[in-house]
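Peer 1: just need the structure, nothing else, for what follows:
(one chain, ligands or ions: 1)
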Amino acid sequence: MDKLLISGGVRLEGEIKISGSKNSGLPILAATLLATSPVHLYNLPHLNDITTMIALLRCMGVGVTIDEKMCVEIDPAHIEVYEAPYELVKTMRASILVLGPLLARFGKADVSFPGGCAIGSRPVDIHLRGLEAMGATIEVDGGYIRARAPQGLKGAQFLMDKVTVGGTENLLMAAVLAQGKSVLENAAKEPEIIDLANFLVSMGAKISGIGTDRLEVDGVKALTGCAHTVMPDRIETGTYLCAAAATRGSIKVKSTRADILESVLIKLKDAGADLHFGEDWISLDMHGRRPRAVSLRTAPHPAFPTDMQSQFMAMNSVAEGMSKVTETIFENRLIQVHELNRMGAKIALEGNTAIISGVERLKAAPVMASDLRASASLVIAGLVAEGETLIDRIYHIDRGYECIEEKMQILGANVRRVAG
Ligand code: UD1
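Peer 2: Next comes the predicted model:
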């Protein structure tokens, strides 16, 4: 199993390009199942999760080709299998996103029930209740969600009692082909949902309220293929900026947007970063200064994203002062605390809040990645630690960060992949 070896102590400096968004690419790939003719997708990141979603589409009979410009053509005209098997779902929970599209277009879907994961139990009850409100019958049998709507789905008014990104995406994808009007209330407003909605509109869907917590959908009979460029990855963007702040560095991230990570930029500014941005780039300069500690609380967009929480905790570990980081979205998402403390951080846990006393520097140690974003925090910790940090189980990192060691090397970091 590959590991990452990081020699700490280098300030990040230079320019890198941000990849397309994983969390936007995944639902958009699932949504291609709704079309009756080929879709062309640009800027999909080359990541394990994206490869898994493409494998899932292929095993249903979808044709996939990639041209020399890295444009992925998806031809969903002839689907033969309406199932997401356990083997694929267990490696990627986002496979649940094929449920809404399959049910909406074909009236049937068998999707393996996603289990829990390192960051908590992660139920899908709201996805299922929303589909039932649209007239589907749902049974859970043999570890599979078996959803049926032989006469097609019917538009419905549905209030999500908790803000859920995946739930909003699944129900939006179902509603676009349902008969009549649907209203999704308390919908998530993450930029990735806006990207998905814009993609659906390009295929012929009728959606209003995009970007708000009330999505109104007038169902159409069929959707056709289109071309779409996936938005930049705001979490990858934020991760590199946070790493630069932690190392007292100065970097520019290109092919990204400042408007999709405002809450993160506000906190980086509070940490002492000198920030500038243009239409498709952001620059950060710490002028060689140690970051100031910043407290934060995760919440649905536009508040501070849970996917950036652990990276800020790593930065706070070496910041000047005390901070409190509170996680409100997932029940077990402060798991990086123990590994950071093994590297000399001073973090105490009180329920879902971590209290961090910044130390001057961390010390290298062998550590283990436990989930995607927690592993990003270990990379940042390795960058600011004295000595060589060896991070095990980096398949978690590869699920979400395209070419992480190459990009880090471009920024001057000593990061190498070694065979375990
Ligand atoms: C997505 C993102 C993930 C991010 C998360 C929150 C993708 C592929 N993943 O995950 O990176 O961390 O949003 O921004 O886009 N919940 C229920 N019932 C449901 C659905 C969710 O109780 O039916 C709960 C979850 O357990 C969690 C909360 O709602 O506590 C938010 O989860 P959700 O927004 O659905 O996260 P994902 O879509 O799984």
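
Peer 1: up against the ligand, what does the stretch 1-150 of the chain have?
Peer 2: Contact residues (Cβ under 6 Å from any ligand atom) of the stretch 1-150 of the chain with the ligand: 23, 26, 94, 122-127. Every C-beta, even on glycine, is put in place using the N, C-alpha and C of the backbone.

Peer 1: any weak-confidence spans in this protein?
Peer 2: Along the chain, segments meeting pLDDT under 70 span 115-121.

Peer 1: so which residues of it form helices?
Peer 2: Here the chain has its helices, by DSSP state H, at 22-31, 48-60, 86-89, 99-106, 125-133, 165-175, 191-202, 234-246, 262-270, 309-317, 336-342, 372-383, 395-398, 404-410.

Peer 1: Glu15 is nearest to which of those helices?
Peer 2: Nearest to Glu15, of all these, is helix 404-410, at 7.6 Å by Cβ to Cβ.

Peer 1: from Val98, how far out is Ala222?
Peer 2: Distance, Ala222 to Val98, by Cβ to Cβ, to the nearest Å: 18 Å.

Peer 1: compare the two (neighbour count), which wins?
Peer 2: Legend: neighbour count by other Cβ atoms under 10 Å for Ala222 and Val98, higher for Val98 (27 against 12).

Peer 1: residues contacting the more buried one?
Peer 2: By Cβ atoms under 8 Å, 6 or more residues apart in numbering, Val98 lies in contact with 30, 33, 56-57, 60, 84, 109, 111.

Peer 1: before we move on, back to that, are any of the residues of the stretch 1-150 of the chain next to the ligand buried, and which?
Peer 2: Buried subset of those (neighbour count, 16 or more other Cβ atoms under 10 Å): 23, 26, 94, 122, 124, 126-127.

Peer 1: ok, back up a step: for Glu80, find the nearest of the helices of the chain.
Peer 2: Nearest to Glu80, of those and by Cβ to Cβ, is helix 48-60 at 6.9 Å.

Peer 1: who are the packing partners of that closest one?
Peer 2: Using 3 or more Cβ pairs under 8 Å, 6 or more residues apart in numbering; DSSP states H and E, the elements in contact with helix 48-60 are helix 22-31, strand 63-66, helix 86-89.

Peer 1: what's in contact with the longest one?
Peer 2: Helix 22-31 is touched from outside by 41, 44-45, 47, 49-50, 53-54, 57, 74, 94, 97-98, 100-101, 165-166, 169, 173, 190-192, 195-196, 199-200, 203, 228, 230-231, 233, 235, 307, 399-400, with contacts defined as Cβ under 8 Å, 6+ apart.

Peer 1: any quick PyMOL command for the buried ones out of these?
Peer 2: Per 16+ other Cβ under 10 Å, the buried members of those correspond to this PyMOL selection:
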select buried, resi 41+44+45+47+49+50+53+54+57+74+94+97+98+100+101+165+166+169+173+190+191+192+195+196+199+200+203+228+230+231+233+235+307+399+400
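
Peer 1: please name the nearest non-neighbouring residue to Glu279.
Peer 2: Excluding the flanking residues, the one nearest Glu279 by Cβ to Cβ, 6 or more residues apart in numbering is Arg257, at 7.7 Å.

Peer 1: in terms of contact, does that neighbour touch Val264 like I think?
Peer 2: No: between Arg257 and Val264 there is no contact under Cβ atoms under 8 Å: 12.0 Å.

Peer 1: with neighbour numbers in mind, choose between the two.
Peer 2: Per other Cβ under 10 Å, whichever of Arg257 and Val264 has more neighbours is Val264, with 24 against 18.

Peer 1: pretty sure Val163 contacts Ala188?
Peer 2: Yes: using Cβ under 8 Å, Val163 makes contact with Ala188 at a distance of 5.1 Å.

Peer 1: more neighbours: the two, which one.
Peer 2: Each of Val163 and Ala188 has its neighbours counted (other Cβ under 10 Å); Ala188 has more, 21 against 18.

Peer 1: how about Pro109, nearest residue that isn't a chain neighbour?
Peer 2: Let me fix one detail, which is that residue 109 is Ala and not Pro. Nearest one to Ala109, counting by Cβ to Cβ, 6+ apart, is Leu102 at 3.7 Å.

Peer 1: would you reformat the contacts of Val98 as TSV and include distance to Leu12?
Peer 2: What follows is these, written out as TSV (distance: Cβ to Cβ, whole Å):
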residue	distance to Leu12
Ala30	35
Leu33	40
Leu56	36
Leu57	37
Met60	42
Ala84	39
Ala109	45
Val111	41
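
Peer 1: identify the residues contacting the residue lying closest to Arg416 once chain neighbours are set aside.
Peer 2: Nearest residue to Arg416, sequence neighbours excluded (Cβ to Cβ, 6+ apart): Leu5, at 4.8 Å. Going by Cβ under 8 Å, 6+ apart, Leu5 touches 388-391, 415-418.

Peer 1: for the stretch 251-400 of the chain, which segments are assigned as strands?
Peer 2: For the stretch 251-400 of the chain, applying DSSP state E, counting those that start in this stretch gives strands covering 274-278, 281-285, 296-297, 322-326, 346-350, 353-357, 362-363, 366-368, 385-386, 388-392.

Peer 1: quick one: which of the residues of the stretch 1-150 of the chain next to the ligand is nearest Leu296?
Peer 2: Using Cβ to Cβ, Asn23 is the member of those that lies nearest Leu296, at 19.8 Å.

Peer 1: just checking, Phe304 touches Leu265?
Peer 2: No: using Cβ under 8 Å, Phe304 is not in contact with Leu265; the gap is 10.8 Å.

Peer 1: the two: who's more crowded?
Peer 2: Neighbour totals were compared for Phe304 and Leu265, and Phe304 leads with 24 against 20 (other Cβ under 10 Å).

Peer 1: separation between that one and Gly358?
Peer 2: Distance of Phe304 to Gly358, computed by Cβ to Cβ: 19 Å.

Peer 1: contacts only, for the residue nearest to Val81 when sequence neighbours are not counted.
Peer 2: Of all residues not flanking Val81 in the chain, Met60 sits nearest, at 4.7 Å (Cβ to Cβ, 6+ apart). Met60 makes contact with 33, 79-83, 98, 102, according to Cβ under 8 Å, 6+ apart.

Peer 1: ok so, going back, what's the overlap in contacts for Arg257 and Val264?
Peer 2: Jointly contacting Arg257 and Val264 under the rule Cβ under 8 Å, 6+ apart are Arg234.
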